[in-house]
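Asks: got a sequence here, can you model it:
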Amino acid sequence: PLEQYYLYKITDNNQFVGFIGGWVIDAFFYIEHFAIDQHIRGSGYGQKSLTALCQLYPQIVLEIDPLVDEVARKRLHFYEKTGFVRNDYVHHHPCYNAQYAPHKLEILSLNTPFTLSQYDVFNHFLVNTVMNSHYL
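Replies: Model (predicted):
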């Protein structure tokens, strides 16, 4: 399963800018981690990087925190500018540490909401492959 994991380093003139880490699951890409260096956020690197990833993978899924504060709403807006849409599934991400309970997250997908079948494939992969890989 780890051969399905991809880590994309984002650079500008050989300077590290950030990274996107994720998994190829059937016909789509799951963004597990996306980070831009905090000192250069707001400079357009995130949007450019996400747009480039969308050209590589026409179907992408990711999770964001529930929309309970301004930071979460800004994050949603960031993804919406690239074509991501919210999904209506009640989704709980398993915890990386077994002593904590799963936590609710919003599911976003590129351009169109996931069908129930696509969501089920994603969630099954998340629970049975992604989370198990973190304990290797």
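
Asks: I'd like the next helix or strand past the longest strand along the chain.
Replies: When the chain is parsed with DSSP state E, its longest strand is strand 15-25. Using DSSP states H and E, the helix or strand that directly follows strand 15-25 along the chain is strand 28-36.

Asks: with only the CA atoms kept, save that following strand in PDB.
Replies: Only the C-alpha atoms of strand 28-36 are listed here, as PDB (Å, rounded to 0.1, in the frame of the first residue of the first chain):
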ATOM      1  CA  PHE A  28      -8.700   9.600  -7.300                       C
ATOM      2  CA  PHE A  29      -6.100  11.300  -5.200                       C
ATOM      3  CA  TYR A  30      -6.600  11.800  -1.400                       C
ATOM      4  CA  ILE A  31      -4.700  14.800   0.000                       C
ATOM      5  CA  GLU A  32      -3.700  13.700   3.400                       C
ATOM      6  CA  HIS A  33      -1.200  16.600   4.100                       C
ATOM      7  CA  PHE A  34      -0.800  20.000   2.500                       C
ATOM      8  CA  ALA A  35       1.500  22.600   3.900                       C
ATOM      9  CA  ILE A  36       3.100  25.800   2.800                       C
END
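
Asks: please begin residue numbering at 15 from this point
Replies: Understood, numbering begins at 15; the last thing we discussed is strand 42-50.

Asks: that strand vs strand 29-39, what angle?
Replies: Computed by axes from the mean of the first three to the mean of the last three Cα atoms, to 10 degrees, the angle separating strand 42-50 from strand 29-39 equals 160 degrees.

Asks: ok, back up a step: what does the longest strand of the chain contact?
Replies: 18-25, 43-51, 54, 59-60, 63-64, 67, 71, 75, 135-136, 139, 143-144 (Cβ atoms under 8 Å, 6 or more residues apart in numbering). Any C-beta I mention is one placed from the backbone N, CA and C, and that applies to glycine too.

Asks: any idea how far L124 lies from E94?
Replies: 11 Å (Cβ to Cβ, to the nearest Å).

Asks: do you know how far the residue nearest to G35 when sequence neighbours are not counted is from H107?
Replies: Computed as Cβ to Cβ, 6 or more residues apart in numbering, the closest residue to G35 that is not its neighbour in sequence is H47, at 4.2 Å. To H107, H47 is 13 Å away according to Cβ to Cβ.
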